Structure formats: C-alpha cells, structure tokens
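Student: can you look at this prediction? I've put the sequence above it.
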Amino acid sequence: MNTDDLIRAISADAGRRPTPLGTAWLLAGMLAVLLGGTVFMLALGPRADAVASLEQARFVAKFAVTLALAAGAFQVLRTLARPGGDVGRLVPWLLVAPALLAVAVMLELAAVPEADWLARLIGTNSRLCLTFIPLIGAGPLAIFLLALRHGATTRPVLAGAVAGLLAGGLAGAFYAAHCPDDSPLFVATWYSLAILGLAALGALLAPRIARW
Amino acid sequence: MNGSDDRELGDLLRSAIAGDERSYARFLERVARRVRSYVSSRTAQGGIDPEDVVQETLLAIHLKRHTWMPDSAVLPWVLTIARHKLIDAYRRRGRRMEVDLDHIAETYAQPDVETVSERDIGRALASLAPGPRTVVAAISVEGRSIKETAQQLGMKETAVRVALHRGLAAIARRFGRD
C-alpha cells in the first residue's frame, strides 16, 4: 500500500469523530474524585471533629497544599497530553503547592518550641498515611493514565509522574479529612513521601499505558 | 512554511475533524509532503525507510487528531508527531539490530539465519483479520467509496466504517511493535 492509498483509507474514516480531549479530562476528573472519595469513605471517613476543625489554620492548610498540588498537576498534565504543548510555561503552577508547604513549615517552626519539632513530625499515624494515600490515589491514577492514553504525550515518563502528583494531591486532600496529625511538619514528611510514591508509579506505568 | 499556509492547513483540519472527507484528503496530502521532507533529511544514513515514517505519522495524526487545539498552529503539532515517530523508528531499528545479533550468536552453527525483513504497511495490511483487511484494501488500494465497498461486500455501511476504523487502528498498533 503506498501513501496515497493510505490517505484514501484515512480520509474515508473522517466520519468517525474522536472524543475531544477536553471531554476526556472532564470525565476523568469527575470519575477520579468519585472513585477516590468512595474508597476514602468506605475505608476511613472524615474524623469526628472535621467540620469544627475548619477553624484551625493547620487543618485548612492541609487542604490548601494538597488541592493546590492537584490543580497545578492537572494543568500541566493536560498540556503534556498534547504533542507540542508548551509545558515550560506551566511549571510555576507546580511550584505553588511546595511554596505553600514551605511557608506553612516555617510558620510551624516559628510557632512551636524546638523540643516538640520531632514529635510533631513523627505524629501518631504515619503508617496509616503511607498506606491510605496510595490506596485512595491508585484508582484516580489509573483513570488519569487512561485519559493520557487517549491523548498523545511525547514525554510519557514526565507525564506519568505528573499524573501521580495529581492523583496524590487528590488522595492527600481526602486523607487530610481523616488524619489527626495537622502539623505542617507531618504533612511535609509523610504526605510528600506517599505522593512521591504515586508519582514514581505513574512514571513507571505511563510509558507502557500511554504508548502511541 | 508561512502563516497563511498554516491557516489554510488549520481550516482543512477543522473541516476534516468535523467529518469532511475531501478536506481531510487535501490536508493529508499536503501534510505528507511536508513530513516527507522533514523525515528524508533525517534518515539519510539511518537504514530507515522514510516513507514508513511518513505513513506512521499520518496514521498517528489521524488517530490523535483530537489532540490538536483548534486555534493553534498546525505544523508545530504535525512535526512534533513526526519527530516522535522518527525517534520511535530509530529506537526499533536499534532493538532489531540487537535482536539480530543475539539471534546470529545463538545459531552460529547454522549458516542460513533468517534475517528480519523491513516491515511495511503491505505486511501490516496482510496481518489484519480477513474482515478489516478486505475493507481497508477495497477503500485504499482499489479506491472504492464506503458505499461501493458496502455494496460489493454485502455489508451495511456502518459495519464498513467500523471495520475501516479498526483496521487503521490495528495497522498503527502493528507499526509500533517489534
């Protein structure tokens, strides 16, 4: 078959409209929140004083950091899914969450006596955190990788890692509603570790899943 | 390539995505020429058939046409895809050569080693299931329309469309392997 033959076959297939990428991302986002939320509610559920705690800065900061990460990663991932998308311009989006976290850590170090730093960092529930953030984030990660597969990324490792950050940010926000440890020192250590684990998993899987 | 050229390509691709076959054919012909010159200058001594990469790129453009943003430039998008497919071809060639060497080393005692031949779309077409193969061949090589193909094969038009789409997707997948 020569190239002109191929062009005939391809143009005859014009009637079959592909799902727009925007629709795919919208669907993936909603499914991911639904799936992550379901796993969270079934496995853990929010802590008893979750609503009352919304008055405490440390509790609210957990959501600000994780949701900022998810929002930034979502922007970058959508761009990475298109050939020739300008990713460099979007990098600042990814820096918002680490910057927020850094500020929170500094405030915490200033507010808490040095003798208590280690206890705050270790917290009471690090193992639970390291278990459930990946567990809540696994489903969303799979969904985002499938959406990435619908797109066409030329940088699958990076895109997979960003998909992991997105799933991790989302899972972290859910988990934060349960976790009794509110110190930014705890969040910076254990949340980061769990989320980076999902990013590594995404980077590992994406080249296989999102091949095109 | 200048701005008005890219705008024309954008108009053609927009109509194509909306389902217009004639615009799509014109778009693909122009893009094929552009990709051919991009690929040819980069495969001069690589042992890669540039036309293979052109065809792979056209298939990828087709299956991923929804990744083009309707208000953005067409050529940067096209050439990024071509580059991706070119790198893929080089990567595969490298792997194939390694496989060949292993193969030769293992079967050193037997002189008549079967060499891995260059794949092309003809072979990919031959690898399709009989249904999609007949449909793709009728439309591409024999140049029939969907309607004519449906009449000739005694199929419904929608079934022809499905078989064509599956056939093209299978050829694209086939290209990406081994």
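Tutor: The structure has been received and is ready for your questions.
Student: from chain A, how far out is the nearest residue to B:A129 once chain neighbours are set aside?
Tutor: Nearest residue to B:A129 in three dimensions, chain neighbours excluded: B:A170, at 7.9 Å (Cβ to Cβ, 6 or more residues apart in numbering or on different chains). Backbone N, C-alpha and C define where each C-beta goes, glycine included. Going from B:A170 to chain A by Cβ to the nearest Cβ, to the nearest Å gives 12 Å.
Student: list the contacts of B:A170.
Tutor: Shown in contact with B:A170 (Cβ atoms under 8 Å, 6 or more residues apart in numbering or on different chains): B:124, B:127-129, B:132.
Student: now those residues: which count as buried?
Tutor: With neighbours counted by 16 or more other Cβ atoms under 10 Å in any protein chain shown, the contacts of B:A170 contain buried members at B:124, B:128, B:132.
Student: out of these, which one has the lowest pLDDT?
Tutor: Lowest in pLDDT among these is B:A124, which has 71.
Student: report the buried residues of whichever strand or helix holds the residue nearest to B:A129.
Tutor: Per DSSP states H and E: B:A170 is located in helix B:157-175. Residues of helix B:157-175 classed as buried under the neighbour-count rule (16+ other Cβ under 10 Å) are B:160-168, B:170-172, B:174-175.
Student: what does stretch A:172-186 give?
Tutor: Neighbour counts over stretch A:172-186 (16+ other Cβ under 10 Å) mark A:172-179, A:181-186 as buried.
Student: looking at those, which are in helices?
Tutor: Mapping the buried residues of stretch A:172-186 onto helices (DSSP state H) picks out A:172-176, A:184-186.
Student: of those residues, which pair is most distant in space?
Tutor: Taking Cβ to Cβ as the measure, these span a maximum distance of 20.9 Å, between A:F174 and A:L185.
Student: by mean pLDDT, flag the weakest helix or strand of chain B.
Tutor: Sorted by mean pLDDT, DSSP states H and E, the helices and strands of chain B end with helix B:121-126, the least confident at a mean of 71.
Student: what about dumping the CA coordinates of the next helix or strand after that one to CSV?
Tutor: Next helix or strand after helix B:121-126 toward the C-terminus (DSSP H and E): helix B:130-140. The C-alpha trace of helix B:130-140 is given here as CSV (Å, rounded to 0.1, in the frame of the first residue of the first chain):
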residue,chain,number,x,y,z
PRO,B,130,-9.8,-11.0,7.0
GLY,B,131,-12.8,-8.7,7.6
PRO,B,132,-10.9,-5.4,8.2
ARG,B,133,-8.3,-6.4,5.6
THR,B,134,-10.8,-6.7,2.8
VAL,B,135,-12.5,-3.4,3.7
VAL,B,136,-9.2,-1.4,4.1
ALA,B,137,-7.8,-2.9,0.8
ALA,B,138,-11.1,-2.1,-1.1
ILE,B,139,-11.0,1.6,0.1
SER,B,140,-7.3,2.2,-0.1
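Student: show me how chain B divides into domains.
Tutor: Following automatic domain parsing, one finds the domains of chain B at B:1-118, B:119-178.
Student: which residues of the chain fall in helices?
Tutor: Let's take chain A. Taking DSSP H as the criterion, chain A contains helices spanning A:3-12, A:21-43, A:57-80, A:91-111, A:117-122, A:126-150, A:156-176, A:184-186, A:192-209.
Student: switch to chain B, that's the one I care about
Tutor: With DSSP H, the ranges of helices along chain B come out as B:3-17, B:21-40, B:50-63, B:75-106, B:121-126, B:130-140, B:146-153, B:157-175.
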